[in-house]
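Asker: Generate a structure from the sequence data that follows.
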Amino acid sequence: MIDEFPRLNVHRLSGSETFTVAGQPAGFDLSSFWQWSSSDLVVNVVRGLLAEYLVAQALGLAGDVRDPWQPYDLKTPRGLTLEVKSCSYLQSWWQKKPSDIGFSIAETTAWSADTAAFVGGRQRQAHVYVFALLKHRDKRTLDPRDLDQWEFYLVPTKAVTDRCGSRKYLPMKGLLQLDPFRATYEGLAATVSRLEDEILASP
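Answerer: Numbering: from 1, shown residues only. As a prediction, this is how the structure comes out:
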């Protein structure tokens, strides 16, 4: 039996691909769409994707295409799974003061893109949380492309669950109480490798 509605096989695009109308170029390409939709790197929805991308780059995992249907964000070749959450003191909009920092740690139910069905019960899906903080506080010089403006806090999911139970939100104060592994962008790979050794070696 032929499956008429299989999961799409998504491949990496370059940005130079053109839109067409009646089989002819429409006068604009995919890169122009990306510029239009994603130039604000600070707005929450884009910053979250950017944080995930930065972690993927640091770990050498950004060569393929992001899969939004996995129950976790990233997976290393050794099998360690990562959930990336981001937050920032500064936002795109006008602010009275810097934003309070906090991250979602809500349990989720995994969904399979191969079967279009939920799998298992609610839980925290990855081995490790990577809390990515855009720490810069001066809007005049804010630039998420400057990797020195980011810092990363890594916590094994078991520690999050042991200390936080079923809580859905983790403020910065609570995160620091978890004794996270802190890393700069340049130190991310080594920190993840250390956690891999500890977590994957556990029975």
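
Asker: Every contact and neighbour count from this point should use C-alpha atoms.
Answerer: Will do.

Asker: What residues are recorded as beta-bridge partners of residue 171?
Answerer: Under DSSP bridges, the beta-bridge partners of residue 171 are residue 102.

Asker: List the residues that contact it.
Answerer: 101, 102, 103 (C-alpha atoms under 8 Å, 6 or more residues apart in numbering).

Asker: list the contacts for the first one?
Answerer: Yep, that's residue 101 we're talking about. Counted by C-alpha under 8 Å, 6+ apart, residue 101 has contacts 87, 88, 89, 171, 172.

Asker: So for stretch 109-122, first residue to last residue, what's the gap.
Answerer: By C-alpha to C-alpha, to the nearest Å, the extent of stretch 109-122 from end to end equals 4 Å.

Asker: and the contacts of residue 171 as TSV, adding pLDDT and distance to residue 52?
Answerer: Shown next, in TSV, are those (pLDDT from 0 to 100; distance: C-alpha to C-alpha, whole Å):
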residue	pLDDT	distance to residue 52
101	98	18
102	98	17
103	98	14
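
Asker: Please identify which of those is nearest to residue 125.
Answerer: residue 103 (15.6 Å; C-alpha to C-alpha).

Asker: Name the nearest residue to that closest one, sequence neighbours excluded.
Answerer: If the residues on either side of it in the chain are set aside, residue 103 comes closest to residue 170, at 5.1 Å by C-alpha to C-alpha, 6 or more residues apart in numbering.

Asker: ok, back up a step: for PyMOL, what selects the buried ones among the contacts of residue 101?
Answerer: In PyMOL, a selection of the buried entries from the contacts of residue 101 looks like this (16 or more other C-alpha atoms under 10 Å):
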select buried, resi 87+88+89
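
Asker: which one of the contacts of residue 101 is nearest residue 4?
Answerer: Ranked by distance to residue 4 (C-alpha to C-alpha), the contacts of residue 101 are led by residue 87 at 41.0 Å.

Asker: so that closest one makes contact with residue 144?
Answerer: No. Assessed by C-alpha atoms under 8 Å, residue 87 is found out of contact with residue 144, at 11.7 Å.

Asker: who touches both of those two?
Answerer: What both residue 87 and residue 144 touch, as defined by C-alpha under 8 Å, 6+ apart, is the set residue 134.
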